[in-house]
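Q: I'd like to go over a predicted model; first the sequence, then the structure.
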Amino acid sequence: MDAEFRTVRGYQLLSRMSLTPAMEDYLEMVYRASERSGYLRMNELAEKLHVRASSATKMVQKLGGLGLMKYKKYGVLELTDNGKELGAYLLARHNTVERFLSVIGIEENLLKETELIEHNISANTKKHMQVFNCFFDSYPEFARRLRMFVSANLDK
């Protein structure tokens, strides 16, 4: 039986609750930056993501419409319980991908590579990456040997 092939966007639409990669980035950043204080200011969000405040405002309004964020007076942003839950997942996914790439020897442009990949993996792939990361955290000698092997074979 042939698998049912789709475009990348098609798979994304099947597996997500209508969040674009940009929406995920905003939600992840608000979660990341508000972990300690519980909130973030709009101007801080725009600064952290290197976007204009007007762009940040539009995105925050969209996320608010999905019930993930509250926008209060004086530019204060707070995540709803659903927003916190999803933000925690997005940050964990980011950290998992970043750690995976680091273990396999990606050093140059690590953040960029992480950003390019993280929006395009399934929950199942994320779980497998987590197990991979745990294995190499548990056996650092294997991680060292993997890096040596990768280094020796990249130039071939």
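A: Cool, the structure landed. Numbering: from 1, shown residues only.

Q: residue boundaries of the strands in this protein?
A: 40-41, 69-72, 76-79 (DSSP state E).

Q: could I get those strands as JSON lines with mean pLDDT, mean neighbour count and distance to residue 120?
A: Backbone N, C-alpha and C define where each C-beta goes, glycine included. Output for the strands of the chain, formatted as JSON lines (pLDDT from 0 to 100; neighbours: other CB atoms under 10 Å; distance: least, CB to CB, whole Å):
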{"stretch": "strand 40-41", "mean pLDDT": "92", "mean neighbour count": "19", "distance to residue 120": "26"}
{"stretch": "strand 69-72", "mean pLDDT": "90", "mean neighbour count": "16", "distance to residue 120": "23"}
{"stretch": "strand 76-79", "mean pLDDT": "94", "mean neighbour count": "19", "distance to residue 120": "24"}
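
Q: which stretch among the ones you listed comes nearest residue 109?
A: Relative to residue 109, the nearest member of the strands of the chain by CB to CB is strand 40-41, separated by 26.4 Å.

Q: list the helices and strands the closest one packs on?
A: Contacts defined by 3 or more CB pairs under 8 Å, 6 or more residues apart in numbering; DSSP states H and E place strand 40-41 against helix 21-34, strand 76-79.
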